[in-house]
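In: Show me how the following folds:
(one chain, ligands or ions: 2)
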Amino acid sequence: MIFRPEILAIKDQRMKPFIDPNEIWGLINNTSSPPQRVRDVIAKSLDKQRLTLEETAVLINANQPDLIAEIKEGAKQLKERVYGQRIVLFAPLYIGNLCINNCAYCGFKADNRVVKRTTLSSEELKEQVKALEDVGQKRLILVYGEHPKYDAQFIADTTRIVYSVKSGPGEIRRVNINAAPFDVDGFRIIKDANIGTYQIFQETYHEETYRKVHLGGIKQDFNWRLTALDRAQEAGIDDVGIGALFGLYDWRFEVLGLVRHTNHFEAVYQVGPHTISFPRIQYASELNINKSHLVSDEEFTRLVAILRLAVPYTGLILTAREPASIRNEILQFGVSQIDGGTNIEMGSYSKRKAGEDQDIDFEQFQINDNRSLDEIMVELIDQSYIPSFCTACYRLGRTGEHFMEFSVPGFIKRYCQPNALMTMAEYLEDYAPSETKEKGNRLIREKLAEMPEDKFKFQLKEKLQQIKEGKRDIYF
Ligand code: SAM
Ligand code: SF4
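Out: Ligands and ions are numbered 1, 2, ... in the order given. Purely as a prediction, here's the structure:
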């Protein structure tokens, strides 16, 4: 056997903290961004190459308005060249808001006596899932507070319940999880329930700030959280999502923290995170944070463009925390997933229609885009995006799909776009009001007209016809 010390050294990094604040601040303070260097870095990303931490710092430090505009333009070009026009839709479903932690920014924190605590019973959970299926949702993310009641078995059990609910033509085809970190055995139990992505946000990569905003409970342990997704990987969950809660600390530090986290996964597990999320702090019941690092709209759209260029093949998730105007700008930078028809009030999908006022005493934070799923569909279709509920890669075991989309020539044209059109066609047949159906079918015709007359187009037309005739859940 050949002794490879460098491989051993990388393996040694499993479950080890990897954030060095001096390294990150050193890059922010010592990297200059002359215009030509900024352009070279953008060109490297457009050439489909990952950026280093130092190159990301070059983009972060490019402060002149014209260079910021070039960075945003670069992100748009990357999206147009690589990702095509489809946007995957999902909905969050809050399972329980009991919590033992005291995160200063969150309405569910243990010390908040105002918020009404509840955990969905099996029957209530089924009712919520049915309501989600009845508007056409196919992909959910289940969200949990951190509490002994929400152990790994509970998460696995609730996931199985979600998959078991079928309402008419409706079914949930992919369940992602956003919950507390577990040990390796706990993650194994959850993996067995056939989850999609396991998301855990570090909130802030700056340990000192982390300690200031996590005032009680297990979540106070920075390194337990930082290494959580390493334990998930050890348990065989290789589809993981990272994120930072923007507004707790300097956004520049957090962007480099996210890129450093990505580097860690790539070095140790040879696969980067499936997705990166970038929630921005919203008003919450009993919100108690230092507001000096809140991120402006201008900084926010800029940092998303930088992330797009830094990790060109990682999925980016944008949520209803952001208002429609910000969502529309950021969609152009190659965001791959958004939520639609979101209600984050506990138990609200079956009771309250999207668009009605929220009751902040039942919620983790205020959302700013409470349009219904159909309104989001129409808005996307009007802008020539193809709303997608596709789950094909995950169900066919094609893991690393973002990487394939990015690096396998023709992958998007051959798989993602046709699957997006088929899942949209199912929605149009089963759930859409007539106006949406008309617009959606027009978009399908336009997209078909753009395709070359080859066997793939023939197969797609055949499958679209089968959907019209009642066949469901077909994909490439
Ligand atoms: N309790 C688990 C945890 O903390 O990881 C699971 C999910 S928590 C309910 C989901 C995410 O919401 C958190 O990781 C945090 O980033 C985000 N969040 C919390 N409070 C927020 C606020 N006021 N505004 C925006 N996002 C917030
Ligand atoms: Fe609990 Fe999560 Fe909210 Fe923290 S962010 S208080 S762990 S629900």
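In: quick one, what contacts Leu380?
Out: Contacts for Leu380 (C-beta atoms under 8 Å, 6 or more residues apart in numbering) come out as Ile87, Ile386, Pro387. (Each C-beta comes from the backbone N, C-alpha and C, glycine too.)
In: Which residue, other than its chain neighbours, is closest to Ile28?
Out: In space, Ile28 comes closest to Arg252 once its chain neighbours are excluded; the distance is 5.3 Å by C-beta to C-beta, 6 or more residues apart in numbering.
In: One more: His293?
Out: Nearest residue to His293, sequence neighbours excluded (C-beta to C-beta, 6+ apart): Tyr249, at 5.3 Å.
In: From Ile28, how far out is that neighbour?
Out: 12 Å (C-beta to C-beta, to the nearest Å).
In: neighbour-wise, which of the two wins?
Out: Set Tyr249 next to Ile28 and count neighbours by other C-beta atoms under 10 Å: Tyr249 wins out with 23 against 15.
In: Give me the pLDDT value at that one.
Out: pLDDT recorded at Tyr249 is 98.
In: Stretch 109-125: end-to-end distance?
Out: 22 Å (C-alpha to C-alpha, to the nearest Å).
In: Do it and ligand 2 come into contact?
Out: Yes - using C-beta under 6 Å from any ligand atom, stretch 109-125 reaches ligand 2 at Lys109.
In: what's the spacing between that stretch and its chain's center?
Out: 24 Å (C-alpha atoms, centre = their mean, to the nearest Å).
In: now that stretch: mean pLDDT?
Out: 94.
In: just checking, what packs against the strand or helix carrying Phe458?
Out: Element membership of Phe458, judged by DSSP states H and E, is helix 455-468. For helix 455-468, the elements it packs on are helix 417-430, helix 434-450, judged by 3 or more C-beta pairs under 8 Å, 6 or more residues apart in numbering; DSSP states H and E.
In: Using PDB, list the CA coordinates for that helix.
Out: Presented in PDB, the C-alpha positions along helix 455-468 are these (Å, rounded to 0.1, in the frame of the first residue of the first chain):
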ATOM      1  CA  LYS A 455     -35.100  12.100 -30.400                       C
ATOM      2  CA  PHE A 456     -35.100  13.800 -27.000                       C
ATOM      3  CA  LYS A 457     -37.700  16.300 -28.200                       C
ATOM      4  CA  PHE A 458     -39.700  13.500 -29.600                       C
ATOM      5  CA  GLN A 459     -39.500  11.600 -26.300                       C
ATOM      6  CA  LEU A 460     -40.400  14.700 -24.300                       C
ATOM      7  CA  LYS A 461     -43.500  15.400 -26.500                       C
ATOM      8  CA  GLU A 462     -44.600  11.900 -26.000                       C
ATOM      9  CA  LYS A 463     -44.300  12.100 -22.200                       C
ATOM     10  CA  LEU A 464     -46.100  15.500 -22.100                       C
ATOM     11  CA  GLN A 465     -48.900  13.900 -24.000                       C
ATOM     12  CA  GLN A 466     -49.000  11.000 -21.500                       C
ATOM     13  CA  ILE A 467     -49.300  13.600 -18.700                       C
ATOM     14  CA  LYS A 468     -52.300  15.100 -20.500                       C
END
